[in-house]
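In: Need a 3D model of the following:
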Amino acid sequence: LVAPCAPFSIGCDMDACFRFELREQICPRLVTVGRFDGKHPCLACATKTGKVLIHDPYRQAFQKSDGSAASSDVRFLSFQKQITALATGTGSADSTKDTLFVGSQTDLLAYDVERNTESFHKDMPDGVLAITHGSFGANDQRLVFAGGNCSIMGFDVSGKDQFWTVLGDNVCAMTLCDLAGQGQKQLLVGAEDQEMRVYVEGGELLHEYSETEAVVDLASLSGGRFAYALGNGAVGTYDGAEKSWRVKMAATPVCISAYDMTMDGMADLVIGWSDGTVEVRTDRPDGAGEVIAKDKFGAGIAGIVAADYRMDGTTVLLVVSVTGEVRGYLPFGVKAPTQSLTPAAEVKPHEQPSRSNSSVMVKLQAKLQEWERRKRVIMAELEAGEHRTGGSMDPSRDGAGMAVQDPKVSVSIKLVDGDARAPMTHLHVTLSLGIDATISMVVMQAGGLFDDETFIAYEDHTSPSASIDIAVLPPKNQAYSVRCKVVFGPSGRTVLQIHELTIDIPAFAMFQASNVVCSPEESVQLPLRGKAFQSQIEEWLELNFLAPRPLLGSSGIISVHSLRENVSVSIALEDDAIVVSTQSMEIAGDLLQSMLRHCKVMELNSVAAFPTEIGAFRTVLGQINDLQSVRLKLSAEIAEKSNLAKGLLFQAEDARLLRDHGSMNTSYRSLFTLNRDLIAEYAIRCTNHNELLDTLKSVNQFIQCASRLRVGKAKSAVVHGCREALQANNVDQIVNVVELGAPQQ
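Out: Here you go, the predicted model:
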């Protein structure tokens, strides 16, 4: 089996214009840069010991305790807790002084590094897993966004709450970008549920992107484009709602950043990998995704930032490894200065060539790389063809003298109960050949459907066949496009053929028609004329369900059953309403969002009645109050025993100085017992904290499910209404918002 080699890229090695060592272990993705005094750029990195390392090459010499002068580029800020997110930003567009934002598992801190004071401090019950800062919305208000356990909060410079919304899973990455190209930035959020969401001012959801793995990092590029990195090694870009390009590597991407390496006015994508590789990939339409430069570190990459670090007018790309090695890179065509970065007095400006000369050089280099790539691909195809035909380049015959045939592959998909190969209910995908041949292997690729995006099925050598059955279990109610390569050939042949095709699995393939009509006691009612939308809903059923598809009965009711969740659903088309009856609010939301999108309904409120789930939600809210009470009690007890431990330590030391060994031993034994109790109470507090996080996550997910029963502004109004009710601790108001919706702002 011979296949042509895949196209590859040729990237030149990157030469660092300077490098230095921080001599500290740096946490991945916790690297940023800021001007904390308003003038000089400083590198800020979180260490594994709960400190923030500040590298300031322009810091003036300070006086040591003995009166002598000393100079140090590095200083530390100790926060005595595990740092989970780090960012910098100014309070207003006119300000040049950056504030350091530090996130942990329990709070968000805005810190003035120059004055060594707190700007504001916020308790974050959902924790802080990602931070971004910048102008947002039509008023260009500068906010700091903190994403945590299924929620996002936005604060202004004074620490006032200005934004809040919920998601389906933990936040992994955030960035601000102008996707609409109208000069107003939106909030782009990536989460562990493999979704990327775009929010506009007011918390309204503008767009959603579904990917194949948890999002690791996001970066805003030029012209309404953005880049993403996934935990399975995939990196790519989107242009608005359309995917531009995508590559997948064996290593895991740690961080990505935008940087104009080619000086052509368009941002290139810089990727830092877990194996220590740094790549610069172009995002130009004529060579999207091609590697144009790369370098290799001895350890994994921790962070990538860009700043005028030499203060000579040229933005430098700074790459930091997990071992503390820092390298600085200049754009193509910019001559690297020979001086070291520090001390600051040695930093001198260097001449920068004109943009036009640099752009011409970059374009010529890109053309040469493209020609070289095409040459290698064509040569590989020629060699493969000669090998198959024994020197004859007749494309109609293979290496055994067999004419290349159209296999006429037919595909059937049906729902089946569990069997020996797949004990759960699953989809049975059958591929059959329409010629006299046997299938040797099938390679299926689909993001989010298979582990590592790929599934390979082999023939049963004991009984070769022209068909093959594959068990598929879609994890979500969403459409999947499966790329298939069928390897086939006559029995006994050593040279096989490959046929490529695409299989489309509808969003609700795990549903089947049912005769069960659900009770309207648990339902959601849409104020739409059901009969007027009958033809559009029938088209929706045709596109999103497998045959035999559910049909609209004479009573105007569509009944389906989800075999994955074992939940029944009835959709009734009435004269003045559409009623969706089911016991699952989540499934109702999935069906409504898909159906209303197909019917092009952009704004709609609804009336929901889910007494079972609302009752469970009331119970969860009661658990939160109990857990918070226990947390406060444990905190008070730990603080009291910590003070007792200090007193015992002082008593033991006083006894030691007085040589009263009996009292000293007694004090140390009491201290040992007290320390053991403190460790036990700390373990209880950790368990309480984890239970509280899980409970808060379920609350946020319930609010998101309730919001998905509406579309447009009514959807975001539910989120804001629930937020206000939670702050007021008014359970009845939350239930009212979930059932009836909330007044739109």
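In: where do the helices sit along the stretch 401-550 of the chain?
Out: Counting by DSSP state H, counting those that start in this stretch, the stretch 401-550 of the chain has helices at residues 534-544.
In: Now the terminal residues of stretch 201-218, how far apart.
Out: With Cα to Cα, to the nearest Å as the measure, the ends of stretch 201-218 fall 20 Å from one another.
In: Show me what the mean pLDDT comes to for stretch 236-247.
Out: Regarding stretch 236-247, the rounded mean pLDDT is 87.
In: Need the contact partners of that stretch.
Out: For stretch 236-247, the surrounding residues in contact (Cβ atoms under 8 Å, 6 or more residues apart in numbering) are 179, 207, 209, 221, 223-228, 234-235, 269, 281, 283, 288-289. (Each C-beta comes from the backbone N, C-alpha and C, glycine too.)
In: ok, now stretch 701-717?
Out: With contacts defined as Cβ under 8 Å, 6+ apart, stretch 701-717 is touched by 150, 165-168, 202-205, 524, 585-586, 588-590, 592-593, 596, 601-606, 608, 613, 617, 620, 718-719, 722, 737-738, 741-745.
In: Near residue 176, how many other residues are there?
Out: Here the neighbour count serves as a burial measure; for residue 176 (other Cβ atoms under 10 Å) it reads 17.
In: Distance check, residue 682 against residue 183.
Out: In this structure, residue 682 lies at 50 Å from residue 183, with Cβ to Cβ, to the nearest Å as the measure.
In: Those two - which one has more neighbours?
Out: In this view residue 682 and residue 183 are compared by other Cβ under 10 Å, and residue 682 has more residues nearby, 12 against 8.
In: where's that one, which helix or strand?
Out: Here residue 682 sits within helix 661-707, counting by DSSP states H and E.
In: List the buried residues of the next helix or strand after that helix.
Out: Next in sequence after helix 661-707, counting helices and strands by DSSP H and E, comes helix 713-727. By neighbour count on 16 or more other Cβ atoms under 10 Å, the buried set for helix 713-727 is 713-723, 725-726.
In: do the same with stretch 32-39
Out: If you call a residue buried by 16+ other Cβ under 10 Å, then stretch 32-39 has these buried ones: 32, 33, 34, 35, 36, 37.
In: now, which of these lie within strands?
Out: The strands, defined by DSSP state E, take in 32, 33, 34 from the buried residues of stretch 32-39.
In: how about the residues you listed in a markdown table, adding pLDDT and distance to residue 249?
Out: Compiled in a markdown table, those are given as follows (pLDDT from 0 to 100; distance: Cβ to Cβ, whole Å):
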| residue | pLDDT | distance to residue 249 |
| --- | --- | --- |
| 32 | 95 | 25 |
| 33 | 94 | 26 |
| 34 | 93 | 31 |
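In: which one of the residues you listed is nearest residue 501?
Out: Of all these, the one with the least separation from residue 501 (Cβ to Cβ) is residue 32, at 46.8 Å.
In: and the closest one, what does it touch?
Out: 43, 44, 45, 86, 87, 88, 100, 303, 305.
In: shaky segments in the stretch 51-200 of the chain?
Out: Segments of the stretch 51-200 of the chain classed as low confidence (criterion: pLDDT under 70) are 60-71, 93.
In: how about TSV for the buried residues of helix 713-727, with pLDDT and distance to residue 260 added?
Out: As requested, these are arranged in TSV below (pLDDT from 0 to 100; distance: Cβ to Cβ, whole Å):
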residue	pLDDT	distance to residue 260
713	87	38
714	89	42
715	89	38
716	86	35
717	88	41
718	90	42
719	88	37
720	87	39
721	89	44
722	88	43
723	85	40
725	88	47
726	86	44
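In: Taking the residues you listed together, which two end up most distant?
Out: Pairwise distances across these peak at 20.2 Å for 713 and 726 (criterion: Cβ to Cβ).
In: burial of the closest residue to residue 573 other than its chain neighbours, as a residue count?
Out: Closest residue to residue 573 apart from its sequence neighbours, by Cβ to Cβ, 6 or more residues apart in numbering: residue 530 at 3.1 Å. Residue neighbour count, defined by other Cβ under 10 Å, stands at 18 for residue 530.
In: just checking, residue 530 touches residue 595?
Out: No: the pair formed by residue 530 and residue 595 falls short of the contact definition of Cβ atoms under 8 Å, at 11.3 Å.
In: Please name the nearest non-neighbouring residue to residue 130.
Out: Computed as Cβ to Cβ, 6+ apart, the closest residue to residue 130 that is not its neighbour in sequence is residue 147, at 4.4 Å.
In: no wait, residue 113
Out: Nearest non-adjacent residue to residue 113, counting by Cβ to Cβ, 6+ apart: residue 36, 3.9 Å away.
In: who's in contact with the one you found?
Out: With contact taken as Cβ under 8 Å, 6+ apart, residue 36 is in contact with 42, 54, 56, 88, 97, 98, 100, 112, 113, 114.
In: residues contacting the second one?
Out: The neighbours of residue 54, taking Cβ under 8 Å, 6+ apart as the test, are 36, 42, 43, 44, 74, 75, 76, 77, 113.
In: State whether it is indeed within a strand.
Out: Yes: counting by DSSP: H, G, I helix; E, B strand; the rest coil, residue 54 is found in a strand.
In: State the distance from it to residue 130.
Out: Counting by Cβ to Cβ, the separation of residue 54 from residue 130 is 21 Å.
In: Okay, now the unreliable bits of the stretch 601-745 of the chain?
Out: Where the stretch 601-745 of the chain drops to pLDDT under 70, the residues are 743-745.
In: Which pLDDT does the model give the most centrally placed residue in the chain?
Out: When Cα atoms, centre = their mean is applied to the chain, the residue found nearest the centroid is residue 215 (2.2 Å). Among the per-residue scores, residue 215 shows a pLDDT of 92.
In: Please name the bridge partners of the residue nearest to it when sequence neighbours are not counted.
Out: Among residues not flanking residue 215 along the chain, residue 190 sits closest, at 2.7 Å (Cβ to Cβ, 6+ apart). Residue 190 has the following beta-bridge partners by DSSP bridges: residue 173, residue 196.
In: Show me which of the contacts of residue 36 are buried.
Out: Under a neighbour-count criterion of 16+ other Cβ under 10 Å, the subset of the contacts of residue 36 counted as buried comprises 42, 54, 56, 88, 97, 98, 100, 113.
In: how about those residues in TSV, adding secondary structure?
Out: Conversion of the buried ones among the contacts of residue 36 to TSV gives the following (three-state DSSP):
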residue	secondary structure
42	strand
54	strand
56	coil
88	strand
97	coil
98	strand
100	strand
113	coil
